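K.L.:
After the sequence you'll find the predicted model.
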Amino acid sequence: MRQLRGQERAITANRQTDRAFADAFVAEDEALRWARARAHEAGLPSVSPGTGAALRLLAASADAKAVAEIGTGTGVSGIYLLLGMRPDGTLTTVDVQPEHQQFAKAAFRAAGFAGNRARFIPGRALDVLPRLADGGYDLVFCDGDRGEYPDYLAESLRLLRPGGLVCFEGVFADGRTVDSGAQPAEVQRVRELLRTVRESSQLLPTLLPVGDGLLCAVRRG
Ligand SMILES: C[S@@+](CC[C@H](N)C(=O)[O-])C[C@H]1O[C@@H](n2cnc3c(N)ncnc32)[C@H](O)[C@@H]1O
């Protein structure tokens, strides 16, 4: 392997330090720590504190009343979204594994959210999303199967109201998205998503370097 020179090493270290600093900037309470611990036990990734805080901020600035989430997991991202949403807002969250959703349900309760703040739908995203209302959502957060991200985009554009936001977690794919070596189909689908979002005249995008990369775009009015 090529040896890193001093300056390159310094840049790498600074980026890692900055990322860790941004994550440590976010204070997580007992409910979030509990949800993270359940994810860790199940071998499941959950959004980083920095990504969670970005989602909370986006939900708040969109004054979100209706949010759809693909990939409930154990509820880490869901807690952040609920914290940013209006107090009368509802999170509709989809996961193919109902046992993950049971943990999320308990985590939302521990975080102090009333039961009617979240609607849990078990099932595969591409089976469930077509049943959700056109234009009925202020924000759609995608954190399910990366190989399906371009399909989630098509569904999200239908679900979002004009001015609504779509976000995709993990678009760096642990550095594989920018790696010039051969990559699996899942990474190629993420690249396809990035191209489509960047070239769409319907969307105003940005790629936030939080966690494993959070691609966000506003659907133009
Ligand atoms: C990375 S985890 C989600 C973590 C969660 N967003 C959090 O931060 O706590 C991905 C979740 O997506 C679910 N999933 C995977 N493929 C799916 C699909 N096709 N449809 C719905 N859910 C899916 C998995 O069961 C898993 O719970």
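P.N.:
That came through, no problem.
K.L.:
and this protein, which residues reach the ligand?
P.N.:
Contact residues (C-beta under 6 Å from any ligand atom) of the chain with the ligand: 39, 44-47, 70-77, 94-97, 100, 124-125, 143-145, 148. Just so you know, the C-beta spots here come from the backbone N, C-alpha and C atoms, and that holds for glycine as well.
K.L.:
Now intersect these with the helices, please.
P.N.:
In helices, defined here by DSSP state H, the members of those are 39, 76-77, 100, 125.
K.L.:
Quick one: the residues you listed as a markdown table, columns for pLDDT too.
P.N.:
As requested, those are arranged in a markdown table below (pLDDT from 0 to 100):
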| residue | pLDDT |
| --- | --- |
| 39 | 98 |
| 76 | 99 |
| 77 | 99 |
| 100 | 98 |
| 125 | 98 |
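K.L.:
I'd like to know which of the residues you listed is nearest to residue 152.
P.N.:
Nearest to residue 152, judged by C-beta to C-beta, of these is residue 125 at 6.4 Å.
K.L.:
Now do the contacts for the closest one.
P.N.:
By C-beta atoms under 8 Å, 6 or more residues apart in numbering, the residues touching residue 125 are 70-71, 94, 96, 144-145, 148, 152, 155.
K.L.:
Kindly report the same for residue 69.
P.N.:
Residues counted as contacts of residue 69 (C-beta under 8 Å, 6+ apart) are 77-78, 81, 91-94, 140-141, 143.
K.L.:
I only care about the residues of the chain next to the ligand that end up buried; give me the ChimeraX line for that.
P.N.:
Filtering the residues of the chain next to the ligand down to the buried ones (16 or more other C-beta atoms under 10 Å) takes a single ChimeraX command:
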select :39,44,45,46,47,70,71,72,73,74,75,76,77,94,95,96,100,125,143,144,145,148
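K.L.:
Which residue, other than its chain neighbours, is closest to the residue positioned nearest the centre of the chain?
P.N.:
Against the mean C-alpha coordinate of the chain, by C-alpha atoms, centre = their mean, the closest residue is residue 169 at 4.0 Å. Leaving aside its chain neighbours, residue 169 sits nearest to residue 143 (4.1 Å; criterion: C-beta to C-beta, 6 or more residues apart in numbering).
K.L.:
cool, residue 86 as well?
P.N.:
residue 65 (5.1 Å).
K.L.:
Let me know the pLDDT of that neighbour.
P.N.:
At residue 65, the pLDDT value in this model is 98.
K.L.:
For the remainder of this discussion, apply numbering that starts at 9.
P.N.:
Taking 9 as the first residue, the last one we looked at is residue 73.
K.L.:
hang on, isn't it packed against residue 97?
P.N.:
Yes: using C-beta atoms under 8 Å, residue 73 makes contact with residue 97 at a distance of 4.4 Å.
K.L.:
For the closest residue to residue 57 other than its chain neighbours, give its distance to residue 101.
P.N.:
For residue 57, ignoring the flanking residues on the chain, the nearest one in space by C-beta to C-beta, 6+ apart is residue 34 at 3.8 Å. Distance from residue 34 to residue 101, counting by C-beta to C-beta, to the nearest Å: 21 Å.
K.L.:
Compare these two (neighbour count), which wins?
P.N.:
More crowded of residue 34 and residue 101, by other C-beta atoms under 10 Å: residue 101, with 28 against 16.
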